[in-house]
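> can you look at this prediction? I've put the sequence above it.
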Amino acid sequence: MPGKQKKPWGGRFSRPTAEMVEAFTASIHFDKRLYRYDIEGSIAHARMLSKQKIISREDERVIVKGLMDILHEIEKGRFAFKPEDEDIHMAIEKVLIEKTGAAGGRLHAGRSRNDQVSLDVRMYLRDEILQIVGVVSRLKASLIELAANEDGTILPGYTHMQRAQPVLLAHYLLAYWEMLDRDEERLWECERRVNIMPLGSAALAGTGLPIDRAFVARLLKFPEISRNSMDAVSDRDFVAEFIFVASLLMMHMSRFCEDLVIWSTGEFQFVEISDAFTTGSSIMPQKKNPDVAELIRGKAGRVYGDLISVLTMMKALPMTYNRDLQEDKEPLFDAVDTVKSCAGILCEMAPYLKFNREKMLQAASGGFSTATDVAEYLVMRGVPLREAHEAVGRLVAYCIGKKKDMSALTLSEFRRFHKGFEEDVYTFLKVEHAVQSKKSPGGTARRNVSLRLKGIRGKKK
Ligand code: ARG
């Protein structure tokens, strides 16, 4: 079925495009979200063309006015996006020409859709990165608030999901703060590479017209212009890099959410998630499900999928622009939307988390979580670590056999396992002592944690 419309590139064709090809190749249904950037970029381009005397001042005026009218039409929902216009770039140019005639027909000089699409995506992405950085900072701030509220709360720290050593809940929360802080740093670094102005690379080779790329970059607030036209139109490393950074952020959030899912079970009862952020079951009246946390956990996989899509699309792509590159946008948009909504809802949910301090302390006090401290007690008395480890290991096995906690043993029972034990060993069994003793830099001792908390808060101001 041939389509009806005349294409801007129709000159060398004697038959119209088949309708099914129009539908298949169209990207307008998703790239229309770039309209603002496309128009802004075109306005800057038109100003440059006129400054360089490639078009007249009058043409510039007419083009800019036409583009502004189109912007308003789109924003008022009065612009018809049609698949036969292929993509947002051609749709806007077509309507501009309808409105302005020859002037509009002069706009595309010195550029191509290949550099134009890269420009639009870079402008879109740098804006989105700023927004995502904003949400990540808010999420970091809510972790700080939670940590500051839990001064002294003790949590059993786990390795292999087995109780390992007692730690401060604030230390745990600040661990996520550190991860998110690196995510934020990575977002900024990624933004630096996104924030490069590709327009003027034209199709792949640059242009013979006397354009001024630096001028366009200044108008569009880009600190740099791309240095190689072939690179500029053909690479999407900045897209893949962003999605990778987003994947790490999702991964970090998914881990926090997984902890919340586990901690909110009846078996753990370490945390209660606010009713506003949980849902019920359609059949089991007693249920309160941590769906938000589960969905964030689940959506991490979808962002990884976006990353793999873009990397696979790019793999072995011959130089320079190939239509495959159009497949960068849906995964990018999906990653942006997903990461933004997940971080946003987690921000809202976090301040209402209620930690059950007694349950945590109770769990931290059981399970021989201070066995390492008892071994270190011996080490401080000159016993080789391996020997101390072995002795305490046997001590633990003895306690399990007797169904007793270590604190219930007599000193002579202790001394059966090692002669190094003295009366003061009982202090080392206490979880508070265990936490307080971890004074090594980065360790969970209260002083370390409150200094870090202070440091972070001070930095913010
Ligand atoms: N819609 C295209 C994309 O997203 C724009 C560039 C098209 N260029 C071309 N030579 N067909 O990549």
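Received the coordinates, thanks.
> residues of the helix or strand encompassing residue 118 that come out buried?
Assessed by DSSP states H and E, residue 118 sits inside helix 113-149. For helix 113-149, burial by neighbour count (16 or more other CB atoms under 10 Å) applies to 113-126, 128-129, 132-133, 135-136, 138-144, 146-147. Quick note: C-beta positions are derived from backbone N, CA and C, even for glycine.
> check stretch 434-442 too.
By neighbour count on 16+ other CB under 10 Å, the buried set for stretch 434-442 is 434, 435, 437, 438.
> which of those residues fall within strands?
Using DSSP state E, no member of those falls in strands.
> of all the residues you listed, which comes closest to the ligand?
Among the buried residues of stretch 434-442, residue 438 lies closest to the ligand (CB to the nearest ligand atom), at 53.5 Å.
> who's in contact with that closest one?
Listed by CB atoms under 8 Å, 6 or more residues apart in numbering, the contact partners of residue 438 are 167, 444, 445, 448.
> from residue 343, how far out is the residue nearest the centre of the chain?
For the chain, the residue nearest the mean C-alpha position is residue 246 (3.0 Å; CA atoms, centre = their mean). Separation of residue 246 from residue 343 (CB to CB, to the nearest Å): 10 Å.
> find the residues that touch each one of these two.
Taking CB under 8 Å, 6+ apart as the criterion, residue 246 and residue 343 both touch residue 132.
> give me the neighbour count for residue 157.
Number of residues near residue 157 (other CB atoms under 10 Å) recorded here: 19.
> using the three-state scheme, assign the closest residue to it other than its chain neighbours.
Closest residue to residue 157 apart from its sequence neighbours, by CB to CB, 6 or more residues apart in numbering: residue 167 at 4.0 Å. Counting by DSSP: H, G, I helix; E, B strand; the rest coil, the backbone at residue 167 sits in strand.
> want to throw the buried residues of stretch 434-442 into a markdown table with pLDDT and distance to the ligand?
Output for the buried residues of stretch 434-442, formatted as a markdown table (pLDDT from 0 to 100; distance: CB to the nearest ligand atom, whole Å):
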| residue | pLDDT | distance to the ligand |
| --- | --- | --- |
| 434 | 96 | 58 |
| 435 | 97 | 55 |
| 437 | 95 | 59 |
| 438 | 96 | 54 |
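> show me what contacts the closest residue to residue 25 other than its chain neighbours?
Among residues not flanking residue 25 along the chain, residue 86 sits closest, at 6.5 Å (CB to CB, 6+ apart). Counting by CB under 8 Å, 6+ apart, residue 86 makes contact with 22, 25, 26, 27, 28.
> could you dump the residues you listed into TSV with secondary structure, pLDDT and distance to residue 255 added?
Putting these into TSV (DSSP: H, G, I helix; E, B strand; the rest coil; pLDDT from 0 to 100; distance: CB to CB, whole Å) gives the following:
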residue	secondary structure	pLDDT	distance to residue 255
22	helix	92	45
25	helix	96	41
26	coil	96	39
27	coil	97	35
28	helix	97	38
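> which of these are buried?
Among the contacts of residue 86, the ones that count as buried by 16+ other CB under 10 Å are 22, 26, 27, 28.
> can you report phi and psi for the residue nearest to residue 25?
Main-chain torsions, residue 86, degrees, to the nearest 10: phi 70, psi -70.
> wait, is residue 163 part of a strand?
Yes: applying three-state DSSP, one finds residue 163 inside a strand.
> okay but it is in contact with residue 365, surely?
No: contact status for residue 163 versus residue 365: not in contact, 9.9 Å apart, counting by CB atoms under 8 Å.
> who has more neighbours out of these two?
Under the neighbour definition other CB under 10 Å, residue 163 and residue 365 were set side by side, and residue 365 has more, 20 against 17.
> isn't that one up against residue 433?
No: counting by CB under 8 Å, residue 365 does not reach residue 433; the two are 11.7 Å apart.
> okay, and for the protein, where does confidence drop off?
By pLDDT under 70, the low-scoring segments of the chain are 1-5, 460-461.
> can you pull the residues of it lying near the ligand?
Residues of the chain lying near the ligand by CB under 6 Å from any ligand atom: 27, 31, 87, 113, 114, 117, 321, 323, 325, 326.
> need the contact list for the last one.
When contacts are counted by CB under 8 Å, 6+ apart, residue 326 touches 27, 31, 87, 117.
> which residues of the stretch 251-400 of the chain fall in strands?
271-272, 354-355 (DSSP state E, counting those that start in this stretch).
> redo these as CSV? Include mean neighbour count.
Conversion of those to CSV gives the following (neighbours: other CB atoms under 10 Å):
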stretch, mean neighbour count
strand 271-272, 18
strand 354-355, 14
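> still on that earlier bit, specify the beta-bridge partners of the residue nearest to residue 157.
On the basis of DSSP bridges, residue 167 is bridged to residue 155.
> let me know the distance separating it from residue 439.
Distance, residue 167 to residue 439, by CB to CB: 13 Å.
> roughly how far is whatever helix or strand residue 66 lives in from the heart of the chain?
Here residue 66 sits within helix 57-75, counting by DSSP H and E. Remark: helix 57-75 is offset 36 Å from the chain centroid, using CA atoms, centre = their mean, to the nearest Å.
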